[in-house]
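Asks: kindly return the folded structure for what I paste below:
(one chain, ligands or ions: 1)
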Amino acid sequence: MKKLKDLESIGFTMLPRQQIAYGSVGNYKYIAEFLPQQNQFSITTSVVASNKDADGVNFMDSIDKERFPFVNWIRYEDHILTINVKNKHLETENIYEFLQAMSNCLLTNGYVEGCADCKEEKPLHIYTINGNIHLLCQDCFSKQASASQHLEPVHFPLGVVGSLIGSLIGVAVWIILYKLGYVAGITGFIMAVCCFKGFEILGKRLDKKGIWTALIIAIVMLAVAEYISLGLEIHSVFSDYYTISIFDAIRSVPEFLSEKEVMAGVIKDLGFGYAFMAFASFSYVRMVYHQASTAGICEQLDKTIE
Ligand SMILES: [Zn+2]
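Replies: Purely as a prediction, here's the structure:
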């Protein structure tokens, strides 16, 4: 089995946006997700014990390990059953056979499909709440959805202050590395992360406006860091011969920038810093952007007509 989409051949439905596949085997609804780094599948369902005797079943012991050698582990915690499956040499039919056996095992041990939240035996649906996938009953979904739609408002001015405070860490790192003779691109990354985190901590939450504001602060502050570094460099060179304060040195930076050689060096330093800032913060920006664009979005994903 190569892809999650292959599960469609055993009657599962693929949700490409959420990168999950779901389907019912026996009386149980399963959600499958692929873990690319481990080359494993994670399959979950939500069940409750229909009588007290059912508690304490070791599911891993109750399955036929010779028949299903691809099962890594099975965990039952807080009414959620999680099955971890190795993808190596795995055929889609193997998964189907296993899920049939699993459903039988659940049935014989007295577990029924039930909501992990209210712990009641109820029909379950797949929902997305703020970008996370949940298998819940309709009542619990409604409760969680109405709670999550009251997102905490973003405090924009405080977010900007937080972002500026965060940027000072980036400035300090840039200045220290500059003094040591390095212009490390990683500083561009550190700068961006500090600005985002700063906004999030003081502004309560990072929304789209916050993302772009924090990014602009990061870009400007990297130039400020370079400017200060240049001033400090001028100071350390000239203080051996003249009485010159650090502020005088920093004030003299524009004069030095009119020299072609100095300007070329600055452009090179900053170009390097920004290239790494863009490169390294790309995935971070994408993640935050995804979170921001899914915040407050709550809907049912399995729209099957039953
Ligand atoms: Zn419920």
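Asks: how many neighbours does the residue lying closest to His235 once chain neighbours are set aside have?
Replies: Excluding its sequence neighbours, the residue lying closest to His235 (CB to CB, 6 or more residues apart in numbering) is Ala249, at 3.6 Å. Any C-beta I mention is one placed from the backbone N, CA and C, and that applies to glycine too. If you count neighbours by other CB atoms under 10 Å, Ala249 ends up with 22.
Asks: any idea which helix or strand carries Ala249?
Replies: Ala249 is part of helix 246-251 when elements are defined by DSSP states H and E.
Asks: so which bits of the stretch 101-250 of the chain are right by the ion?
Replies: Applying CB under 5 Å from the ion, we find that the stretch 101-250 of the chain lies next to the ion at 115, 117-118, 137, 140.
Asks: if you look at the residues you listed, which of them are in helices?
Replies: Cys140 (DSSP state H).
Asks: top of the residues of the stretch 101-250 of the chain next to the ion by neighbour count?
Replies: Among those, the one with the most neighbours (other CB under 10 Å) is Cys115, at 24 neighbours.
Asks: give the contact list for that one.
Replies: Neighbour list for Cys115: 46, 48, 79, 122, 124, 136-137, 140 [criterion: CB atoms under 8 Å, 6 or more residues apart in numbering].
Asks: tell me which residue in the stretch 151-300 of the chain sits closest to the ion.
Replies: The stretch 151-300 of the chain approaches the ion most closely through Gln300 (13.8 Å), counting by CB to the ion.
Asks: state the mean pLDDT of the helix ranked longest in the chain.
Replies: Looking only at the chain and at elements set by DSSP H, the helix with the highest residue count is helix 260-294. Here helix 260-294 scores 81 as its mean pLDDT.
Asks: which strands or helices does that helix pack on?
Replies: helix 186-203, helix 208-238, helix 253-257 (3 or more CB pairs under 8 Å, 6 or more residues apart in numbering; DSSP states H and E).
Asks: pull out the buried positions in the last one.
Replies: Residues 253, 256 are the ones in helix 253-257 that count as buried (16 or more other CB atoms under 10 Å).
Asks: what comes into contact with it?
Replies: Contacts for helix 253-257 (CB under 8 Å, 6+ apart): 227, 230-231, 234, 262-263, 266.
Asks: kindly export that helix (C-alpha atoms) in PDB.
Replies: The C-alpha coordinates for helix 253-257 follow below in PDB (Å, rounded to 0.1, in the frame of the first residue of the first chain):
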ATOM      1  CA  VAL A 253      26.800  55.100   9.600                       C
ATOM      2  CA  PRO A 254      25.000  56.900   6.700                       C
ATOM      3  CA  GLU A 255      28.200  58.700   5.800                       C
ATOM      4  CA  PHE A 256      30.000  55.300   5.600                       C
ATOM      5  CA  LEU A 257      27.200  53.800   3.600                       C
END
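Asks: where's it relative to the chain centroid, distance-wise?
Replies: Its chain's average C-alpha position is 43 Å from that of helix 253-257, according to CA atoms, centre = their mean, to the nearest Å.
Asks: so which helix or strand of this structure has the lowest pLDDT on average?
Replies: Least confident helix or strand, the chain: helix 260-294 with a mean of 81, by mean pLDDT, DSSP states H and E.
Asks: residues in contact with the helix or strand just after it: which ones?
Replies: As assigned by DSSP H and E, the chain's next helix or strand after helix 260-294 is strand 298-300. By CB under 8 Å, 6+ apart, the surrounding residues in contact with strand 298-300 are 125-130, 141, 144-145, 148-149.
Asks: only the buried subset of those, as a PyMOL command please.
Replies: The following PyMOL line selects those of these that are buried, judged by 16+ other CB under 10 Å:
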select buried, resi 125+126+127+128+129+130+141+144+145
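Asks: looking at the contacts of strand 298-300, which are in helices?
Replies: Short answer: the contacts of strand 298-300 in helices (DSSP H) are 141, 144-145, 148-149.
Asks: okay, now Tyr76: neighbour count?
Replies: Counted with other CB under 10 Å, residues neighbouring Tyr76 total 20.
Asks: that one in helix, strand or coil?
Replies: Under DSSP: H, G, I helix; E, B strand; the rest coil, Tyr76 falls in the strand class.
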